[in-house]
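>>> Give me coordinates for this.
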Amino acid sequence: MFLLNPKNYHRPFKDEKTNDIYQKTIDFFENKGLASIKEDDQDIRWYDDYLNMLKETQAYATLLTPAGYGDPDARFDMYRIAQYNELLGFYGLSYQYCYQVSILGLGPIWLGDNEEVKKKTAQLLKEGGIFAFGLSEKEHGADLYATEMKLYPKGDGTYSAKGEKYYIGNGNKAALVSTFGKYADTDEFVFFAVESNHPNYECVKKINTSGNRPAYVAEYHLHDYPITPKEILSSGQKAWDSALNTVNIGKFQLGFCSVGICTHAFYEAINHAYNRWLYGHRVTDFPHIKKIFTESFVRLMAMRLFAMRAIDYFRSANDNDRRYLLYNPIQKMKVTTEGMKIIDMLLDAIAAKGFEQDTYFEMAIRDIGMIPRLEGTTHVNMGLVVRFMENYLFNNIDLPEIPVRDDMTNDDYILNQKAGSLKTVKFPDYKRPYSGISTPNIEVFKEQIELLRAFLADTPPDKEQAENKDYMLALGEIFTMIPYAQLILENAKIYNIPQDIVDEIFNFIVRDTSQYALRMVSSHRNSEAQIANLMKIIKLPVNSDNTDKVWKEHVLSLVGAYKMNP
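The predicted structure is shown next:
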């Protein structure tokens, strides 16, 4: 089965150390049980038991230490790093959040020049340390230019750090907090490391949120915190690049968390609906309920297919092939917002049950919307996606097919990314993924691709429209469906996903693309020619017996497939 099922976990990794970490993590949560997880959530209780498990299994030390700095099994391997997010998200956002913000906190360290801090970090990871990323500020968010954290020179080659950071995960217990700021005398950017237990580090408060509650989101202040060259991670352009590339690495994990949350919620929802009787029928006998579960299933399959394939592009990147820079914001934006749709649809199927405090689903409702909104706003990521549209559709070049990247290799390039112009990123023929595969709805979507291309070629946005961010974001919604479908289709071939599931995925892709085109017409100023071209993009999917087949053969079989230990 393609979806994660901890009760039927088949040790999929090529090395036993990784398989052991995953299995021991599963055992920890299953032994802890849903009731205990819910108690921690409702009492907003910090999870010492979870951190102890991480230390005992050496999970962070093994997964997040680059080769050469830790034990022989340690390597920075996105194939296993990313999927651990899915597993942790499956049991709760707060567990994944601790892991993700540790990845962010480690980014400037591994991307920086300070070998002494790197060796210290490897040891701290072995000791069970967690990490934090001190970037955002209360008044400026993640606006790097406006940061008010400063290093004030003391005249002897050392500095005094003063400033405040806000919304910083793990800010209460982080072994090291990678902090972004500026040199007060030159205004040059800098990353430096501070310790959360230092007397000049003040953890001001825990920022309580509606979800993600056992985790700790902090506000911290530095009061004349002493900084020497030993704590400086990077300066100038290197610090700026470290900030951006750390976000590329860390926020990529968001989609996997959404997949994990939706997968657990799906199991819980279908178990409940199937075993509940109304008017002499199982709830799952009602046509609209079947439709909800079937569409939720194929949307979830699509999310995971895209996310897993995006790993391959990330790991295969080099200075001459940076296609991952398109798939990365789609992972952060599209996969996570699809998660919101799925939870909303499933809630319609199970209704009041979803709000009961002893369910996993109740947490999923609160947590799923936080992921795209609090960790990387959708409009920022869409703004990035739009910048690739011309090269993706019009300026194709020959590039190699990307293989499955499940090899046990340290991802050196990920820790040495170049922050070059996005305009130089090129793509192969956008029609290539459709070679050798055809379903009725794939064929409809191929027509929609060509119609969008015609819209851009014949009636492109005029100067006013191009400068209107809202208009371009709406156009980006249509375009995003094309690379989203590309990676889904590539991975469907790799994993031999049944063709009826693939066609049902493209059924909603056709519908969503049509919906975005209609929104462009109804909500924005367009010329008559533009309206005519946009209206052509609006297509009906091919509805056949396929939906019922997917329900009977693939969705209904998931009843009872997983239920968390109480």
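
>>> When you work out contacts or count neighbours from here on, use the C-alpha atoms and nothing else.
OK.

>>> would Pro329 count as being in a strand?
No: the assignment for Pro329 by DSSP: H, G, I helix; E, B strand; the rest coil gives helix, which leaves it out of any strand.

>>> List the residues that contact the residue lying closest to Glu490 once chain neighbours are set aside.
Leaving aside its sequence neighbours, Glu490 sits nearest to Pro433 (CA to CA, 6 or more residues apart in numbering; 6.1 Å). Contacts of Pro433 were listed using CA atoms under 8 Å, 6 or more residues apart in numbering, and they are Gln486, Leu489, Glu490.

>>> switch the cut-off to 10 Å
Pro433 sits next to Glu401, Ala485, Gln486, Leu487, Ile488, Leu489, Glu490, Asn491, Lys493 when contact means CA atoms under 10 Å, 6 or more residues apart in numbering.

>>> Narrow these to just the buried residues.
Ala485, Gln486, Leu487, Ile488, Leu489, Glu490, Asn491 (16 or more other CA atoms under 10 Å).

>>> nearest to Lys536, of those?
Ala485 (19.6 Å; CA to CA).

>>> So which elements touch the helix or strand harbouring the closest one?
Ala485 is part of helix 469-494 when elements are defined by DSSP states H and E. Helix 469-494 is packed against helix 287-315, helix 324-330, helix 378-386, helix 389-394, helix 440-458, helix 463-467, helix 499-523, with contacts defined by 3 or more CA pairs under 10 Å, 6 or more residues apart in numbering; DSSP states H and E.

>>> rerun at 7 Å
The contact analysis (3 or more CA pairs under 7 Å, 6 or more residues apart in numbering; DSSP states H and E) places helix 469-494 against helix 287-315, helix 378-386, helix 499-523.

>>> and the angle for the longest one with helix 469-494?
To tie it back to what came earlier, the one meant is helix 287-315. Angle between the axes of helix 287-315 and helix 469-494 is 90 degrees (criterion: axes from the mean of the first three to the mean of the last three CA atoms, to 10 degrees).

>>> Just the buried positions in helix 287-315, please.
If you call a residue buried by 16+ other CA under 10 Å, then helix 287-315 has these buried ones: 289-315.

>>> Please apply the same query to the shortest one.
Buried residues in helix 378-386, counted by 16+ other CA under 10 Å: Thr378, His379, Asn381, Met382, Gly383, Leu384, Val385, Val386.

>>> can you state the direction angle for the worst-scoring helix or strand of the chain on mean pLDDT and helix 469-494?
Least confident element among the helices and strands of the chain, by mean pLDDT, DSSP states H and E: helix 378-386 (a mean of 80). Angle, helix 378-386 to helix 469-494, by the same axes, to 10 degrees: 70 degrees.

>>> Check Thr547 and give its pLDDT.
With respect to pLDDT, Thr547 scores 89.

>>> again but with Thr377, I slipped
With respect to pLDDT, Thr377 scores 64.

>>> rewinding a little: I'd like the buried residues of helix 378-386 laid out as TSV, including distance to Lys426.
Output for the buried residues of helix 378-386, formatted as TSV (distance: CA to CA, whole Å):
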residue	distance to Lys426
Thr378	23
His379	23
Asn381	18
Met382	18
Gly383	18
Leu384	14
Val385	13
Val386	14
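
>>> Distance check, Pro329 against Leu399.
21 Å (CA to CA, to the nearest Å).

>>> neighbour-wise, which of the two wins?
Pro329 (23 against 12; other CA atoms under 10 Å).

>>> what ranges of the stretch 51-200 of the chain fall below the confidence cut-off?
Regions of the stretch 51-200 of the chain meeting the criterion pLDDT under 70 are absent.

>>> Which two of the contacts of Pro433 have the greatest separation?
Using CA to CA, the two most remote members of the contacts of Pro433 are Glu401 and Ala485, lying 16.2 Å apart.

>>> So what touches stretch 552-566?
Asn5, Lys7, Glu30, Gly33, Leu34, Ala35, Tyr267, Glu268, Ile270, Asn271, Thr294, Phe297 (CA atoms under 7 Å, 6 or more residues apart in numbering).

>>> Which among those count as buried?
For the contacts of stretch 552-566, a burial check counting by 16+ other CA under 10 Å picks out Asn5, Glu30, Leu34, Ala35, Tyr267, Glu268, Ile270, Asn271, Thr294, Phe297.

>>> one step back: now render the buried ones among the contacts of Pro433 as JSON lines, adding pLDDT.
JSON lines is the format used below for the buried ones among the contacts of Pro433 (pLDDT from 0 to 100):
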{"residue": "Ala485", "pLDDT": "98"}
{"residue": "Gln486", "pLDDT": "98"}
{"residue": "Leu487", "pLDDT": "98"}
{"residue": "Ile488", "pLDDT": "98"}
{"residue": "Leu489", "pLDDT": "98"}
{"residue": "Glu490", "pLDDT": "98"}
{"residue": "Asn491", "pLDDT": "97"}
